[in-house]
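**Student:** generate coordinates for the sequence data below:
(one chain, ligands or ions: 1)
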Amino acid sequence: MTEQQLSIVIGSDHAAYALKAKIKDYLVKRSIDVRDAGCHSEASVDYPDFGIKVATMVSTGKFEKGILMCGTGIGMSMVANKFPQVRAALCNGLFAAMMSRRHNNSNILVMGARVIGDILAMEIVKVWLETPFDGGRHQRRLEKFDRID
Ligand code: RB5
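**Tutor:** Numbering: from 1, shown residues only. Take a look at the predicted model:
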């Protein structure tokens, strides 16, 4: 799939609302079609409401990939990984972002807005988008836990 055809659904809670806006701009500049699942202001909300929205859309195949953000990224990754076919990876660094694609074929990137800065977050998104899955033995390993769903 070329990047022009890529659609990504993104979501956050209030703690990552400002970061979500920046990531959204970055994706739009890359001509990626972005669906913003909320939240829509810095007013306090509950992160599961938005994690569930994004994870549902990826789990059902409506979107191939998603990006979730909250304060630490922990809550969003816990929520998202409850959904079948979702492989959400909490990546607050570049190495984890790269390996989550190469070895784990992550389909939701999760970041913590209170943990990392905006520039690093953007670089993490870039690496995550541009790194393909290695397949091979890693596919076999994914299949072993896909069966749990
Ligand atoms: C909100 O205060 C905070 O708990 C949330 O953003 C997230 O870090 C949860 O894991």
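**Student:** hmm, who's touching the lowest-mean-pLDDT helix or strand in the chain?
**Tutor:** Counting by mean pLDDT, DSSP states H and E, the chain has its least confident helix or strand at helix 137-146, which shows a mean of 94. Outside of helix 137-146, the residues within contact range by C-beta atoms under 8 Å, 6 or more residues apart in numbering are 85, 87, 102-105, 133. Where C-beta positions appear, they are placed from N, C-alpha and C, glycine not excepted.
**Student:** repeat that with 6 Å
**Tutor:** Identification of contacts with helix 137-146 by C-beta atoms under 6 Å, 6 or more residues apart in numbering yields residue 103.
**Student:** for that helix, buried residues please.
**Tutor:** Judged by neighbour count (16 or more other C-beta atoms under 10 Å), helix 137-146 contains no buried residues.
**Student:** can you check stretch 36-43 too?
**Tutor:** Going through stretch 36-43 with 16+ other C-beta under 10 Å, the ones that come out buried are 36-39.
**Student:** repeat for stretch 56-64
**Tutor:** Those would be 56-59, 63, for stretch 56-64 by 16+ other C-beta under 10 Å.
**Student:** likewise for stretch 83-92?
**Tutor:** Burial within stretch 83-92, assessed by neighbour count using 16+ other C-beta under 10 Å, is assigned to 83, 86-92.
**Student:** touching the ligand at all, that stretch?
**Tutor:** No. Remark: stretch 83-92 sits outside contact range of the ligand, by C-beta under 6 Å from any ligand atom, the gap being at least 9.8 Å.
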